[in-house]
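K.L.:
Predicted coordinates and the sequence they were generated for:
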Amino acid sequence: MNKLATRPASDGIYNPRKVLLSKKAEFLEALGINSHRLAGAARELDADPVQILQEESLHLGLNGVLYGQLRQVEDALDRLDLGEYGYCRGCNDPIAINRLRSVPWTKYCLECQEKVSSLALEEECRVGERN
């Protein structure tokens, strides 16, 4: 069993599996609702085509974000099964419990997340320079 699952917290035991499964259900529900709205927007015959296109674009973008978050939650559940949950992928140190409570699917401690985000931003800028 993962050491983190039994780590005491101020309001009891932190149960990452329960938290992650709850988040997974939330994202699946939101994806379903958004997909339903996307299908409904396409059925409106009297609506302005530009407005329909804007709504479809908005819902497709939201679906992309929700699907990305769902994948991160599923990845965190996999790490939990492997006993790797709660440990930073960058430095292997335990991730602070407060960070896990606010972003339960995180792979990185705050320090490593800042480094990863900074590197991604640099790479994004370099790609933009090549164009």
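P.N.:
It's in.
K.L.:
When you work out contacts or count neighbours from here on, use the C-alpha atoms and nothing else.
P.N.:
Will do.
K.L.:
Could you tell me what pLDDT the model assigned to residue 65?
P.N.:
Per-residue confidence (pLDDT) for residue 65: 95.
K.L.:
Sorry, wrong one. I was asking about residue 61.
P.N.:
Residue 61 is given a pLDDT of 92.
K.L.:
Check residue 118 too.
P.N.:
We have a pLDDT of 88 for residue 118.
K.L.:
what does the one 4 residues further on give?
P.N.:
Among the per-residue scores, residue 122 holds a pLDDT of 79.
K.L.:
name the element it belongs to?
P.N.:
Assignment of secondary structure by DSSP states H and E places residue 122 within helix 110-130.
K.L.:
Please give the centre-to-centre distance between that helix and its chain.
P.N.:
18 Å (Cα atoms, centre = their mean, to the nearest Å).
K.L.:
same thing with stretch 54-62?
P.N.:
Offset of stretch 54-62 from its chain centre (Cα atoms, centre = their mean): 19 Å.
K.L.:
list the buried ones in it?
P.N.:
Neighbour-count burial for stretch 54-62, counted by 16 or more other Cα atoms under 10 Å, picks out 55-56, 59, 62.
K.L.:
Just the CA atoms of it, as CSV, please.
P.N.:
C-alpha atoms of stretch 54-62 as CSV (Å, rounded to 0.1, in the frame of the first residue of the first chain):
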residue,chain,number,x,y,z
GLN,A,54,-18.7,29.6,-32.4
GLU,A,55,-20.6,27.4,-30.0
GLU,A,56,-19.3,24.2,-31.5
SER,A,57,-15.8,25.6,-31.3
LEU,A,58,-16.3,26.6,-27.7
HIS,A,59,-17.7,23.1,-26.8
LEU,A,60,-14.9,21.3,-28.7
GLY,A,61,-12.3,23.3,-26.9
LEU,A,62,-13.9,22.6,-23.5
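K.L.:
what's the neighbour count on residue 16?
P.N.:
Residue 16 has 22 neighbouring residues, counting by other Cα atoms under 10 Å.
K.L.:
Hmm, it is touching residue 103, no?
P.N.:
No - Residue 16 lies out of contact with residue 103 (Cα atoms under 8 Å); the separation is 10.9 Å.
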